[in-house]
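Got a sequence here, can you build the structure:
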Amino acid sequence: DIDEYLRPSRLSSSSRELLRRLLISLVNRETQQLGHRLGEIECPSLVLWGAEDAFLSPHWGRRLRTDLRSSSLHILTNCGHYVPEERAGELAGLVDAFAARCFLEPRTGAR
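Numbering: from 1, shown residues only. A predicted model of the protein is given here:
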């Protein structure tokens with residue numbers, strides 16, 4: 001994992017510039033300004049959160065679940081902030097099941 005995180009430092013200067021722009025875009029000022037509009041999102045959403053997330057407590061996952069009207073929340077036990085790395089197999093299964101349920105199964109007229 002450490003090698004993979006350090007790999008961008010071995011990129012060409014143009015690739016490092018793209019990475020720099022990506023990191024700058026992660027500033028959450030815009031996200032904070034739009035947070036009140038989360039309730040307007042109507043598409044199905046899956047919120048996955050690590051129960052032991054040291055950076056963003058599960059409180060924020062529960063709040064996101066409340067703010068996104070058509071969402072479901074799954075809190076993964078024995079998992080921290082880096083869900084894709086810590087629980088890749090379980091994450092893939094949850095996303096597959098979510099996609100099948102929301103996008104592949106026949107829909108009834110009810111919302």
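
and the gap between the nearest residue to Cys102 once chain neighbours are set aside and Ser72?
Spatially, and ignoring its direct neighbours in sequence, Cys102 is nearest to Pro44 (4.1 Å; Cβ to Cβ, 6 or more residues apart in numbering). Using the backbone N, CA and C atoms, a C-beta is placed for each residue, glycine as well. Relative to Ser72, Pro44 is positioned 8 Å away (criterion: Cβ to Cβ, to the nearest Å).

and for these two, which residues touch both?
Here Pro44 and Ser72 share the contacting residues Phe98, scored by Cβ atoms under 8 Å, 6 or more residues apart in numbering.

can you pull the pLDDT of the residue nearest to Cys102?
According to the prediction, Pro44 has pLDDT 93.

burial of His59, as a residue count?
10 (other Cβ atoms under 10 Å).

Now do the buried residues in the host helix or strand of it.
In the assignment (DSSP states H and E), His59 maps to helix 58-67. For helix 58-67, burial by neighbour count (16 or more other Cβ atoms under 10 Å) applies to Gly61, Leu64, Arg65, Asp67.

right, and out of those, which lies closest to Ala100?
Closest approach to Ala100 among these (Cβ to Cβ): Arg65, at 20.1 Å.

surely the closest one meets Gly39?
No. Between Arg65 and Gly39 there is no contact under Cβ atoms under 8 Å: 11.9 Å.

circling back to that earlier point, which residues touch the residue nearest to Cys102?
Counted by Cβ under 8 Å, 6+ apart, Pro44 has contacts Ser70, Ser71, Ser72, Phe98, Cys102, Phe103.

Dump the C-alpha coordinates for the strand or helix carrying Glu85 into CSV.
Using DSSP H and E, Glu85 falls within helix 83-86. C-alpha atoms of helix 83-86 as CSV (Å, rounded to 0.1, in the frame of the first residue of the first chain):
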residue,chain,number,x,y,z
VAL,A,83,-12.9,1.3,3.3
PRO,A,84,-11.7,0.3,-0.3
GLU,A,85,-8.3,-0.8,1.0
GLU,A,86,-9.4,-2.3,4.3
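
Summarise which helices and strands the very next helix or strand once past it is packed against.
Following helix 83-86 in sequence order, the next helix or strand is helix 88-99 (DSSP H and E). Applying 3 or more Cβ pairs under 8 Å, 6 or more residues apart in numbering; DSSP states H and E, we find helix 88-99 packed against strand 45-50, strand 71-76.
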